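K.L.:
Could you look at this predicted model? Sequence included:
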Amino acid sequence: EKYIKEDYKKYNPKTTFIAYGADVRKSNLSDNDSKIVNWYKEKGVNKKEYYLVVGRFVPENNYETMISEFMKSKTDKDLVLITNVEKNKFYEELKQKTKFDKDPRIKFVGTVYDQELLNKIRENAYGYIHGHEVGGTNPSLLEALATTGLNLLLDVGFNREVAEEGALYFTKKNNNLSYLIDKLDNISEEDIKILQNRAKQRISHHYSWKIIIRKYEEL
């Protein structure tokens, strides 16, 4: 909205800003459901022992920073990347630059289009890392705040506007994210709970579909 008002000022645009939304609810799948059990087995991943990244596989989502910083960290958790790599050019460039194929913790696991399964994977993640640098109210960020306890977001305006105090922030500075990841290996359950509650409240008070739909109806 800000962009439209500034760039199209001479047309005096009549605009209304309505954000994207998310559901705050548990996945329908239990921890013993064959869907999640088989997915973990197939990908070599365990509950609460991985950080998660979900997003389009494009440079501006800062995969290079997230991967190289994760590789510098000492954590024994995995970095699970749910994204559409399809062995494209960017994937090959990234591999050459970061040598992520030499680090068994880095796991590109393809895409997941089953919403309940994806929700369960989000719920069971130790943390979520969000490197999106351009855009606005990002759907995958809203879903992460609604489901994952620990959210690490790139420190840019719109990420802070969405999550506020419900997340931790990192910059693209050398060692910034790796330091944070190392520190979070020792964070207490209690502190994770506090962040999780703040994140969920943020969604339920400002981004729940109920609220968003009401805004459309009022408009």
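P.N.:
Good, I have the coordinates. Numbering: from 1, shown residues only.
K.L.:
In the protein, what residue spans correspond to helices?
P.N.:
Listed in chain order, the helices found in the chain under DSSP state H are 2-7, 34-43, 63-72, 89-98, 115-123, 139-147, 157-163, 176-184, 189-202, 209-218.
K.L.:
which of those helices is buried the deepest?
P.N.:
With neighbours taken as mean count of other CB atoms under 10 Å, the helices of the chain reach their highest mean count in helix 139-147, at a mean of 24. No exception for glycine: its C-beta is placed from N, CA and C like everyone else's.
K.L.:
Report all helices and strands that it contacts.
P.N.:
Taking 3 or more CB pairs under 8 Å, 6 or more residues apart in numbering; DSSP states H and E as contact, the helices and strands that helix 139-147 lies on are strand 50-54, helix 115-123, strand 127-130, strand 151-154, helix 157-163, helix 189-202.
K.L.:
where in the protein is pLDDT low?
P.N.:
Scanning the chain for pLDDT under 70 picks out 87.
K.L.:
Point to the residue nearest the middle of it.
P.N.:
residue 130 (4.1 Å; CA atoms, centre = their mean).
K.L.:
Nearest residue to it in space, please, no chain neighbours.
P.N.:
For residue 130, the nearest residue in space outside its immediate sequence neighbours is residue 153; the separation is 4.6 Å by CB to CB, 6 or more residues apart in numbering.
K.L.:
follow-up on the earlier one: how about the helices and strands packed on helix 139-147, which one is nearest residue 77?
P.N.:
The closest approach between residue 77 and any of these, judged by CB to CB, belongs to strand 50-54 at 5.6 Å.
K.L.:
ok, residue 47 - how many residues close by?
P.N.:
15 (other CB atoms under 10 Å).
K.L.:
Was I right to think it contacts residue 32?
P.N.:
No. The pair formed by residue 47 and residue 32 falls short of the contact definition of CB atoms under 8 Å, at 11.0 Å.
K.L.:
Residue 15 contacts residue 3, doesn't it?
P.N.:
No. Distance between residue 15 and residue 3: 10.1 Å, which falls outside the contact criterion (CB under 8 Å).
K.L.:
what's the residue nearest to the centre of the chain in contact with, if anything?
P.N.:
If you count contacts by CB atoms under 8 Å, 6 or more residues apart in numbering, residue 130 has them with 53, 55, 138, 140, 141, 144, 151, 152, 153, 154, 159.
K.L.:
which one of these is nearest residue 94?
P.N.:
Looking at the contacts of residue 130 and their distance to residue 94, the nearest is residue 53, at 12.7 Å (CB to CB).
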